[in-house]
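S.K.: Predicted model and sequence follow; I will ask about them next.
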Amino acid sequence: MKYTDLNAEINNESQIYPESERFREDFASKNEAVLRDILRRNAATEFGEAHGFSQIETKEQYRESVPVSVYSDYRNPVQRMRNGEKALITADPVYCYLETSGSTEAGKLFPITTEALRIYGDVMDRYPAMQSADEAGRRFFLSFLVADTDRKCREEDVMLFTSAYYRFLFEQGNLDIGKISGGRYLNFFPKPCDYLYVKLWLAFADAELTSMESVYLYDFLIFFQYMEDHYLEVLSDMEAGRIPEEKDFPEAVRKALPELPVSEERIREVKAECEKGFLNIVQRLWKKVRLISGIGSKAFQVEEISIRKYIGELPVWHYIYAASECVMGVPVEPDSYDYVLYPGTAYYEFREADTDNGRILEASELTVGGSYEPVLTTFSGLYRYSMGDVLKLKGFYGELPVFRFLHRRNLVMNIAGEKLDMEILDRAVRYWARDRKIPVWQYFFCEDYQSVPARYHGVIAPDAGDLSVDEEVEERHFDRLLRLLSRDYDELRDLGSISGVELSFVDKSTFMQISAGRRQMSGQTKPQHIWRNE
């Protein structure tokens, strides 16, 4: 599917969220109306009074009165709000505080208001592609939601965005928990625990699943690897009808899990299918599954290729483009990395991303093929906030931008000015795997300044097979691929400003051990292809 100009339309309109239809035409004036609503609501806040919100009537006046901001501009007022002060950056009630899941900076907290959650509606939970799947049976939700649903959420609570969102839906009575396999206590957890064990037991027990969903698609790679390593253990406990005492589970989980109905025949079936191997295991164990859902992007295709081993040709719905700051986009169709701007959740501006001091533009001023960073004004107290994501404009749906995520601004490899982003690295790994006929499970790269000149060091975990490759030969081949994919890298290699790439090949277990101290295995996990040396 291609988008070429302002009049281009997405062919399969049934896949687009109904909310987007209202904003297809005259988006500029409707976007400005969102801005006026935000300013009106927050005119009496400390921030609103300091920037004259009550006197601002146009978007031009808003731009003149409010500078572009970054997270450090909010750290102090957010801390004051957590200490009990009110109406600093938002006048609407704060539902809780969001902790970023995190690719770049630790310690970022954002307030999220009940108004913002209301506006997001049920976009994250009722996307069109899963309607038919949902009607026929139960949903399997893999992600780990830390939320104590035995009490109401308190403003001082700190959660990941998805936990807060689904808890809000649950408290409002807008989450049909009966449609989700395992119900309340096997989907919401009051504290961290071995959630993969719980989810594997839950999935094995329920042959009637029609969709398998997670926050990030990458979570499924971790889940299926856990299945390969632990299926006998979990099936043995299911057969005995008990959870080992050493498992540190909340009492509600310890009670609910063994009570799931499961027949001896189902346990035998699962064991027999797992013993045959894990190729297309989803279609063999859960014959009614019609949809796999999880956030992904073009920059994470290596992991998605690995997931295909388990899910076969089932459609994948990259169901949302969002961050702790805001819900910003919805996919155009299954198996697509392109998102339509989700209107109404914020006032949107866009900064040119190709230069350090790019111009701030409106949607109508964007050029197809250009790279832009969203600048957001939200219903949770962020004003002209510089998002940090770099998006490529693919075209328009009516007047709504259609874009693809490229990378984070500060997650770019850059030794001598070459700026290798995540998509370039992912393409290089995929091309190497294709050329060598060695499927890759996961990988990461980091900058190695111990070498003179500095170089890139990559750690690659093949999906299977012999690890005895000639690393020097593969380093030369990988270096050629990077040269082909990046003109800047090629020129700097010729100048001797960068040494040739260094590669290490490890098995899956070793890779996971390396990763254990670097990433948050919380059931809401993004692949990390670029690592910073600590």
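M.R.: Looks like it arrived, so ask away. Numbers count the residues shown, from 1 in each chain.

S.K.: okay, CA-based contacts and neighbour counts for the rest of this
M.R.: Will do.

S.K.: mind listing the strands for the stretch 151-300 of the chain?
M.R.: Listed in chain order, the strands found in the stretch 151-300 of the chain under DSSP state E, counting those that start in this stretch are 158-159, 188-189, 209-216, 291-295.

S.K.: So which bits of the helix or strand that the last one is followed by are buried?
M.R.: Secondary structure here is assigned by DSSP states H and E; on that basis, the next helix or strand after strand 291-295 toward the C-terminus is helix 301-311. Of the residues in helix 301-311, Gln301, Val302, Glu303, Glu304, Ile305, Ser306, Ile307, Lys309, Tyr310, Ile311 count as buried by neighbour count, 16 or more other Cα atoms under 10 Å.

S.K.: one step back: with mean pLDDT added, can I get the strands of the stretch 151-300 of the chain in CSV?
M.R.: Formatted as CSV, the strands of the stretch 151-300 of the chain follow (pLDDT from 0 to 100):
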stretch, mean pLDDT
strand 158-159, 90
strand 188-189, 91
strand 209-216, 91
strand 291-295, 90
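
S.K.: Could you export those to CSV, including columns for mean neighbour count and distance to Leu425?
M.R.: Output for these, formatted as CSV (neighbours: other Cα atoms under 10 Å; distance: least, Cα to Cα, whole Å):
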stretch, mean neighbour count, distance to Leu425
strand 158-159, 20, 31
strand 188-189, 21, 36
strand 209-216, 23, 20
strand 291-295, 23, 19
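
S.K.: what's the closest of these to Lys271?
M.R.: With Cα to Cα, the closest approach to Lys271 among the strands of the stretch 151-300 of the chain belongs to strand 209-216: 17.8 Å.

S.K.: Against which helices or strands is the closest one packed?
M.R.: Under the contact definition 3 or more Cα pairs under 8 Å, 6 or more residues apart in numbering; DSSP states H and E, strand 209-216 sits against helix 131-136, strand 138-141, strand 291-295.

S.K.: what residue ranges in the protein are flagged as low confidence?
M.R.: Along the chain, segments meeting pLDDT under 70 span 1-19, 101-107, 122, 124-136, 355-356, 410, 465-466, 516-526, 532-534.

S.K.: doesn't Ser486 make contact with Leu492?
M.R.: No. Using Cα atoms under 8 Å, Leu492 is not in contact with Ser486; the gap is 10.1 Å.

S.K.: Mutual contacts of those two, please.
M.R.: Taking Cα atoms under 8 Å, 6 or more residues apart in numbering as the contact rule, Leu492 and Ser486 both touch Glu418.

S.K.: ok, Ile460 - contacts?
M.R.: Here Ile460 is in contact with Val440, Trp441, Gln442, Tyr443, Phe444, Leu503, Ser504, Phe505, Val506 (criterion: Cα under 8 Å, 6+ apart).

S.K.: Now tabulate those residues in TSV and tack on distance to Leu420 and secondary structure.
M.R.: Formatted as TSV, the contacts of Ile460 follow (distance: Cα to Cα, whole Å; DSSP: H, G, I helix; E, B strand; the rest coil):
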residue	distance to Leu420	secondary structure
Val440	20	strand
Trp441	21	strand
Gln442	18	strand
Tyr443	15	strand
Phe444	13	strand
Leu503	17	strand
Ser504	19	strand
Phe505	21	strand
Val506	23	coil
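
S.K.: Mark which of those residues are buried, thanks.
M.R.: Looks like these have Val440, Trp441, Gln442, Tyr443, Phe444, Leu503, Phe505, Val506 buried, using 16+ other Cα under 10 Å.

S.K.: So what touches stretch 334-343?
M.R.: By Cα under 8 Å, 6+ apart, the list of residues contacting stretch 334-343 reads 19-20, 23, 31, 129, 296-298, 315-318, 320-321, 327-332, 394, 396-397, 400-405.

S.K.: Select from those residues every entry located in strands.
M.R.: Among the contacts of stretch 334-343, the residues falling in strands (DSSP state E) are 316-317, 321, 327-331, 394, 396-397, 400-405.

S.K.: For the buried ones among the contacts of Ile460, name the two members farthest from one another.
M.R.: Largest pairwise distance in the buried ones among the contacts of Ile460, by Cα to Cα, is 15.1 Å, between Trp441 and Leu503.

S.K.: Okay, now stretch 41-56: how far is its last residue from its first?
M.R.: 13 Å (Cα to Cα, to the nearest Å).

S.K.: scratch that, stretch 459-479 is what I was asking about
M.R.: First-to-last residue span, stretch 459-479, Cα to Cα: 14 Å.

S.K.: Stretch 351-368 too?
M.R.: End-to-end distance for stretch 351-368, by Cα to Cα: 14 Å.

S.K.: Show me which positions of it end up buried.
M.R.: Arg351, Glu352, Ala353, Ile360, Leu361, Ala363, Leu366, Thr367, Val368.

S.K.: From the residues you listed, which land in strands?
M.R.: Arg351, Glu352, Ile360, Leu361.

S.K.: so what's the residue nearest to the third one when sequence neighbours are not counted bridging to?
M.R.: Distances taken as Cα to Cα, 6 or more residues apart in numbering put Arg351 closest to Ile360, at 4.4 Å, once the chain neighbours are dropped. With DSSP bridges applied, Arg351 shows beta-bridge pairing to Ile360, Glu373.

S.K.: quick one: Arg351 from Tyr197, how far?
M.R.: In terms of Cα to Cα, Arg351 sits 44 Å off from Tyr197.
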